[in-house]
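# Turn this into a model:
(chains A and B)
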Amino acid sequence: MLKKPLRAPLAFAFLCLCAAPAAWAQHQHGSDVFEVFYAVEAMAGSGQSHPSEDDDTYVNADILFAASTHQFRVLGELFVSPEEADLERMQFGYEFVPDTVLWVGRFHMPASAWNSEHHHGRYLQTSITRPFIERWEDEHGLIPQHITGALLETRQSLGAASALQFAGGVGASSSWGDHQYEPVDLIGENPGRHRTSLSARLAYLPEYEGTSSAGFLFAHDQLYTTNPQLLNALNSAHVVLTLSGAYIDWTVNKWRVMGAGYYVNVALDQTARNESFISAYLQVERLLPHELTVFSRVEDSARMQESRYVALFDDHDGDIDVALRRQALGLRWDFVRRQAFTVELSHVATLGFRSNEVRLQWSGVIP
Amino acid sequence: MERCYSVRRAAANLLSALLLLAGVAFSAPPTERLVLIVSAESKVEQLDSLEVRKLFLGMTVEHNGTRLSALLNESDPVIKEVFLQNVVAMTETTYDRRLLQLALQHGALLPAVYTDNTRLLAAVVADPAAVSFAWYRDVAQDKKIKILRVLWHD
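Predicted coordinates for the structure are as follows:
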């Protein structure tokens, strides 16, 4: 979605790019972060109404910057593509004690298992696509993913090597737009109507500094709309979305398993019209010789097909369809440092039809 | 029978030679040692393996009220390989990806990289919060450097 006016984000992107050499020079002596995650993608599909426009764009860049002085931190993530330029995260933090940080700003909700791990950086996710339930707001995602407010992150030792991790955020939720949520925009216009959002994750880590974790997820979003189309469809100006779930991201030798299950309750003004649905996915990855990784993912859902609420996200004359199920299989090749080539085949069942897709992606990080 | 005896004797001689070589190898003093270093002015007296791993992954490590900073020594390919295998126990690709993940997820800072040993040691000496690693032979005589412990020896 094109944000207007674009001058502010483009000026910001230009500033970031101009600052890149200076930031990199600092990295040699200091330790600030300036990384550009980029991806170039091509896809072909059968049976879709708009296969070329599904998911993210064919080229995009995610600019990450972070700096720290004493106990103060700043972290930003700017996502740029031909269709948008959005400051996805802008957080200012204070680290009270090691690994306990209070952030204020716009951040990703901690209850998303996938997005808390990969954020917008395509290079760090093995597969090309994200599970449908983890989609961003401007991709007609079903769960609000951005909160503007305060976020507490902490990790505490548990025994000799393991740890407990907690992240909890509270702040302004998304509002309802045209077939999609509209989170608080830091550099564009905000029509208002933002209500409260709560989101939390509690995880067990077998190794304090390791990559494996498993835990519970919770989110509670109050949404409000004045859109006549939505009011007619829901017969309700308010929606209270409550998510509870569990996830696992476990690595054992050359195997990695990522999975999450979400139960989403949709409460409306008239309780008789309340509904709920379930969505889950499981991705298995296996490292192979020659820097190859094979992966497979299965996504499934229950009661989404009958949900009036879910149907609101289906853009009938647009570019994105709500996926109910997906089976994906792919191969990633990290052919050189910080560069990867990925191919992914998938079969998708949406609200309206079934389709097959093949995607190719070249992703990497600069510098 | 005679031939069988000579083969046995040759095998015994070969085994003796191998044992002798192995004995020499095991009794030889270590020729290379990778040591964990800080400035002589540093208050840090010791860091355990978990703290060292956290530090070189960009996580916060505090010691006596001081936030430590990691300096990566990439002055030669061998020292980098030994560090990856024995300190963080990761391949180069995995280590790089882990640093990127932590930066992306929590804004964790990247360890500063030094490809010149002299500049690295000067940076360690200048900053009491800096922690790095070097070959023992390069720092053994340096009074401005404090060796915390041996990370690896051959």
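
# Which residue lies closest in space to residue A:254, excluding its sequence neighbours?
residue A:287 (4.0 Å; CB to CB, 6 or more residues apart in numbering or on different chains). To be clear about C-beta, it is placed using only N, CA and C from the backbone, and glycine gets the same treatment.

# and that neighbour, what does it touch?
Contact partners of residue A:287, counting by CB atoms under 8 Å, 6 or more residues apart in numbering or on different chains, are A:254-255, A:293.

# Show me just the buried residues among those.
Neighbour-count burial (16 or more other CB atoms under 10 Å in any protein chain shown) applied to the contacts of residue A:287 gives residue A:293.

# Run through the chain and note the low-pLDDT ranges.
Defaulting to chain A. Counting by pLDDT under 70, chain A has low-confidence residues at A:1-31, A:48-57, A:315-320.

# The intended chain is chain B.
Residue ranges of chain B with pLDDT under 70: B:1-30.

# Spell out which residues of it are next to chain A.
Within chain B, the positions lying close to chain A (CB under 8 Å from any CB of the partner chain) are B:50, B:53-54, B:57-62, B:67, B:69-70, B:92-93, B:96-98, B:100-101, B:103-114, B:123.

# Give the PyMOL command for selecting the buried subset of the residues you listed.
Remark: buried members of the residues of chain B next to chain A, expressed as a PyMOL selection using 16+ other CB under 10 Å:
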select buried, chain B and resi 53+54+57+58+59+60+61+69+70+96+97+98+100+101+103+104+105+106+107+108+109+110+111+112+113+114+123
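
# Need the contacts of residue A:287 in a markdown table (columns: secondary structure).
Putting these into a markdown table (DSSP: H, G, I helix; E, B strand; the rest coil) gives the following:
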| residue | secondary structure |
| --- | --- |
| A:254 | coil |
| A:255 | strand |
| A:293 | strand |
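
# Which of the contacts of residue A:287 sits closest to residue A:237?
The nearest member of the contacts of residue A:287 to residue A:237, counting by CB to CB, is residue A:293 at 46.9 Å.

# Tell me what the closest one is bridged to.
Residue A:293 has the following beta-bridge partners by DSSP bridges: residue A:287, residue A:332.

# Just to check, it is in contact with residue A:285?
Yes - in this structure residue A:293 lies within contact range of residue A:285 using CB atoms under 8 Å: 5.7 Å.

# hey, what's in contact with both of these two?
Joint contacts of residue A:293 and residue A:285 (CB under 8 Å, 6+ apart) are residue A:126.

# what's the spacing between residue A:352 and residue B:45?
Distance of residue A:352 to residue B:45, given as CB to CB, to the nearest Å: 67 Å.

# typo on my end, residue A:312
62 Å.

# what about the two, which has more around it?
residue A:312 (21 against 10; other CB atoms under 10 Å in any protein chain shown).

# List phi and psi for the more buried one.
Taking degrees, to the nearest 10, you get phi -60, psi -20 for the backbone angles of residue A:312.

# can you tell me which helix or strand the residue nearest to it when sequence neighbours are not counted belongs to?
Counting by CB to CB, 6+ apart, residue A:233 is the residue found nearest to residue A:312 once chain neighbours are left out, at 5.8 Å. If you go by DSSP states H and E, residue A:233 is part of helix A:228-234.

# Pull out the buried residues from that helix.
In terms of neighbour count (16+ other CB under 10 Å), helix A:228-234 has its buried residues at A:230, A:234.

# Partner strands of the very next helix or strand once past that helix and their direction?
As assigned by DSSP H and E, the chain's next helix or strand after helix A:228-234 is strand A:238-252. Here strand A:238-252 has these sheet partners by DSSP bridges: strand A:213-224 (antiparallel), strand A:255-268 (antiparallel).

# which residues touch the strand ranked longest in chain B?
Criterion DSSP state E: the longest strand present in chain B is strand B:145-153. For strand B:145-153, contacts defined as CB under 8 Å, 6+ apart pick out B:30, B:32-40, B:42, B:44-47, B:52, B:82-83, B:86-87, B:121, B:124-125, B:133-134, B:136, B:139-140.

# ok, and the residue sitting nearest the centre point of chain B, which helix or strand is that part of?
The centroid of chain B falls nearest to residue B:34 when counting by CA atoms, centre = their mean (4.1 Å). Per DSSP H and E: residue B:34 is located in strand B:33-39.
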